[in-house]
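**Q** Here's my sequence, what's the structure:
(chains A and B)
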2 protein chains.
Amino acid sequence: MTDDKLRLGIIGLGAEGGMYANFLAGGMVENMRLGAICDILPEKKEAADKFGVPFFADYQEMITSGEVDAVVTTVPHYLHPEMGIYALDHGVHALVEKPVGVYTKQARELIEFAASKPELTFGVFFNQRTNPLYVDLKALLDSGELGALRHTSWIITTWWRPQPYYAQSAWRATWGGEGGGVLVNQAPHQLDLWQWICGVPKSVFAKCAYGFRRDIIVEDEVNALVDFGDGATGSFMTSTHDLAGTDRLEILCDRGKVVVEGSKTVKITRLVGDEREMSANMDVDAVRRLFTGQLDIAELMTTEEKDYGSVWGAQHCDVLRNFAAAVAGTEELIAPGADGIHGVRLANAIHLSSWLGQEVSIENFDEETYLVELNRRIADEGLFETRS
Amino acid sequence: MTDDKLRLGIIGLGAEGGMYANFLAGGMVENMRLGAICDILPEKKEAADKFGVPFFADYQEMITSGEVDAVVTTVPHYLHPEMGIYALDHGVHALVEKPVGVYTKQARELIEFAASKPELTFGVFFNQRTNPLYVDLKALLDSGELGALRHTSWIITTWWRPQPYYAQSAWRATWGGEGGGVLVNQAPHQLDLWQWICGVPKSVFAKCAYGFRRDIIVEDEVNALVDFGDGATGSFMTSTHDLAGTDRLEILCDRGKVVVEGSKTVKITRLVGDEREMSANMDVDAVRRLFTGQLDIAELMTTEEKDYGSVWGAQHCDVLRNFAAAVAGTEELIAPGADGIHGVRLANAIHLSSWLGQEVSIENFDEETYLVELNRRIADEGLFETRS
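**A** Just a heads-up that it's a prediction; the model follows:
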């Protein structure tokens, strides 16, 4: 090291990797700098030269070169686990892009290997976890002020993707190259945030539409109904074909409710008490007044509205900064790599439920059946090797 | 008749029946007047005296008395079919309260009987069908301007009901007396509107919560995921325990989208073309500009917002007026009784799916299994006779 900054190696200089390189080159992350760049395309060496860092065509060579303290894996999802494992196995910290893997067996292998290297930092790039809106929402729910979760729904259809988008890479929107569609590519942030804030569901029933409004083989629309246990339920809807997309998250708890619109505005309703107790203790006269319009239900709650505006870009830098701080031992990781399993498992369970036409357990997820079913689709597709 | 007005007999002078009596006594329905009142509680005779109309303790006597041209059945849901059949069988027009029956077998018997009496008018009291907002929305969808349905969701949790509400009547929120909870009592209007506007689903998977936040035996929360066929799906969520209730309907079509909030405001988005064609025809440069923020997606659509305000009360009078006009042969019925089967069947299918833990067909609904399962719950409850 020429300074105290963590030297990051970027594996894969595409849109995402290029963005991180620019952030680091621009000095936007105080405790991290660009260490090296790796890409299988030789022409990317020009960019590395421009940034003044070494270039590698082989990620293993970069990891063992001594030029980097950590790597980030901005490559097709299937490759995240093997690259994460290789880095950790060679004493290099690993910041893995979401999703941490395509199927839980693969994600678990990475997570279990990382657990055997506690001296190294292993994170997942859930940049939405640094969005102040979701940070505050997580804190509100964790505080217990609103009581237990009763219901939640998220409609997230702001992922409009036109047909030419899917033609940009041979691996995109394939079973063998990407392992799915909107669940694996666009929605992982929400699949993570939802579980980070509301908890991990125990089961799911889902309908996925495969190649519904796009000429692709994987899912471009998902409707899922989950069970969090103890009576709490949720629904999750996402697609890539809604030009006038919706982003609306609703969370109902015993003592209040939160509605988030457009990942920008938050309306928090706080009840004056526990809803079930308020219901049970309401006297007959109050009920009569309620139904004759003489009791204003608004008296039983207070509301607060917040507007967070847009914070694009800052979140990615926050994740990089927090990762370097975690390596330095001065901060806890905001998104530990092990947390990445939840989003992968929920996405897998949604696929599996839609394939089997029945509700499937997340708590006791059948990862073997998932892999058999996934491989059957990879084989039918005929573009990539099956997985193990 | 002392004038040209249709003489309506009200069966059951409770909250709803009393409201209709007041509307008629107040001259709010130009072509209908109060003919007689029937109630099993003798003390309701006072009200009939006040209105200056005959009182009957037996609905059959009222129907055959010659005092009424039509009846409305504001009585527990199970009784609607037998009263409707009796009226029609004795030459009296029947306006049946929603739901037209509790289970499809019962509803079908009424509808089939009514079909054998084409000279008589048979309607169902779906007063929301006269709400200008939904009238306009139905016309918009029927016009084809927005193209085919692709997805719809309705969150309707503005039905907050405190515990004492459920104690008001012995039949309320029981299997034997009412046949269900929020699906049968509060949500039938939305179950009807949804299908009236979006079409009849072919199958449903649902989770119902029975006695979840209320001390009742029937459902107080419902999460349903439906399949309309041809790839179109929908979700429906309702409950009686959300004090800060939501009423949000979203309808996505090929050429646009509609979002209705609070049954008051409507936002209509019209795309400049068919979404799938716009997607397929977008050139690579436009895609690049889209992802680099240089193409504003808003240029691809126009939006219109409408505020309808609140129209409570007027809708009930509209239904009564339209019914009398249909009897007179001057208007088509807005809510023909036969349409009532859809809401009953969807509610039944939602129950059945939640009981069996699997997706069930609506197109080929297994009404026998439903009745067996319903009767099992009526028998376990032990308060009322089973049904046939």
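**Q** now the nearest residue to A:W160 once chain neighbours are set aside, what's its secondary structure?
**A** Excluding the flanking residues, the one nearest A:W160 by Cβ to Cβ, 6 or more residues apart in numbering or on different chains is A:L243, at 5.3 Å. (C-beta placed from N, C-alpha, C; glycine too.) Per DSSP: H, G, I helix; E, B strand; the rest coil, the local secondary structure of A:L243 is coil.
**Q** surely A:L243 meets A:T158?
**A** No: in this structure A:L243 lies outside contact range of A:T158 using Cβ atoms under 8 Å: 9.9 Å.
**Q** For the residue in the stretch 1-150 of chain A that chain B sits nearest to, list the residues it contacts.
**A** The nearest approach of the stretch 1-150 of chain A to chain B comes at A:R150, 7.1 Å away (Cβ to the nearest Cβ). By Cβ atoms under 8 Å, 6 or more residues apart in numbering or on different chains, A:R150 lies in contact with A:G231, A:A232, A:L252, A:C253, A:D254, B:F212, B:R213, B:H241.
**Q** for chain A, longest strand please?
**A** Across chain A, the longest stretch assigned as strand under DSSP state E is strand A:219-229.
**Q** of all the contacts of A:R150, which comes closest to B:L13?
**A** B:H241 (29.9 Å; Cβ to Cβ).
**Q** Settle this for me: the closest one is touching A:S279, isn't it.
**A** Yes: using Cβ under 8 Å, B:H241 is in contact with A:S279, at 7.1 Å.
**Q** For the residue nearest to A:W160, report the pLDDT, please.
**A** Looking at A:L243, its pLDDT stands at 96.
**Q** and it, how many neighbours does it have?
**A** Residues lying near A:L243 (other Cβ atoms under 10 Å in any protein chain shown) number 22.
**Q** Please report how far it lies from A:R161.
**A** Applying Cβ to Cβ, to the nearest Å, the value for A:L243 to A:R161 is 10 Å.
**Q** got it, and A:V124?
**A** Taken as Cβ to Cβ, the span from A:V124 to A:R161 is 23 Å.
**Q** Neighbour count for those two, which is higher?
**A** In terms of neighbours (other Cβ under 10 Å), A:V124 is the more surrounded of A:V124 and A:R161; the figures are 32 against 23.
**Q** shouldn't the more buried one be in contact with A:A94?
**A** No: using Cβ under 8 Å, A:V124 makes no contact with A:A94, being 9.4 Å away.
**Q** joint contacts of these two?
**A** Contact with both A:V124 and A:A94 is made by residues A:G337, according to Cβ under 8 Å, 6+ apart.
**Q** hey, what's A:A224 bridged with?
**A** For A:A224, the beta-bridge partners are A:A206, A:F236 (DSSP bridges).
**Q** where does the closest residue to A:T302 other than its chain neighbours land in three-state SS?
**A** Among residues not flanking A:T302 along the chain, A:R270 sits closest, at 5.1 Å (Cβ to Cβ, 6+ apart). Judged by three-state DSSP, the three-state class of A:R270 is strand.
**Q** A:G343 too?
**A** Per three-state DSSP, A:G343 ends up helix.
**Q** Over to A:W175?
**A** coil.
**Q** shouldn't it be in contact with A:I378?
**A** Yes: checked against Cβ under 8 Å, the pair A:W175 and A:I378 is within contact range at 4.7 Å.
**Q** low-confidence ranges in the stretch 1-150 of chain A?
**A** When residues are selected by pLDDT under 70, those of the stretch 1-150 of chain A lie in A:1-2.
**Q** Next, A:T238: secondary structure please.
**A** A:T238 - assigned by three-state DSSP - is strand.
**Q** The longest strand of chain A packs against which elements?
**A** strand A:203-210, strand A:232-239, helix A:340-356, strand B:203-210, strand B:219-229, strand B:232-239 (3 or more Cβ pairs under 8 Å, 6 or more residues apart in numbering or on different chains; DSSP states H and E).
**Q** Extract the C-alpha set from that strand and format it as PDB.
**A** C-alpha atoms of strand A:219-229 as PDB (Å, rounded to 0.1, in the frame of the first residue of the first chain):
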ATOM      1  CA  GLU A 219     -39.400 -14.600 -16.100                       C
ATOM      2  CA  ASP A 220     -40.400 -11.100 -16.900                       C
ATOM      3  CA  GLU A 221     -43.200 -10.900 -14.300                       C
ATOM      4  CA  VAL A 222     -43.600 -12.300 -10.800                       C
ATOM      5  CA  ASN A 223     -46.500 -12.500  -8.400                       C
ATOM      6  CA  ALA A 224     -45.700 -14.000  -5.000                       C
ATOM      7  CA  LEU A 225     -47.700 -14.500  -1.900                       C
ATOM      8  CA  VAL A 226     -45.500 -15.300   1.200                       C
ATOM      9  CA  ASP A 227     -46.200 -16.400   4.800                       C
ATOM     10  CA  PHE A 228     -44.000 -15.000   7.500                       C
ATOM     11  CA  GLY A 229     -45.500 -17.200  10.200                       C
END
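**Q** From the chain's centroid, how far away is that strand?
**A** 15 Å (Cα atoms, centre = their mean, to the nearest Å).
**Q** cool, and stretch A:133-145?
**A** For stretch A:133-145, the distance to the chain centre is 18 Å (Cα atoms, centre = their mean).
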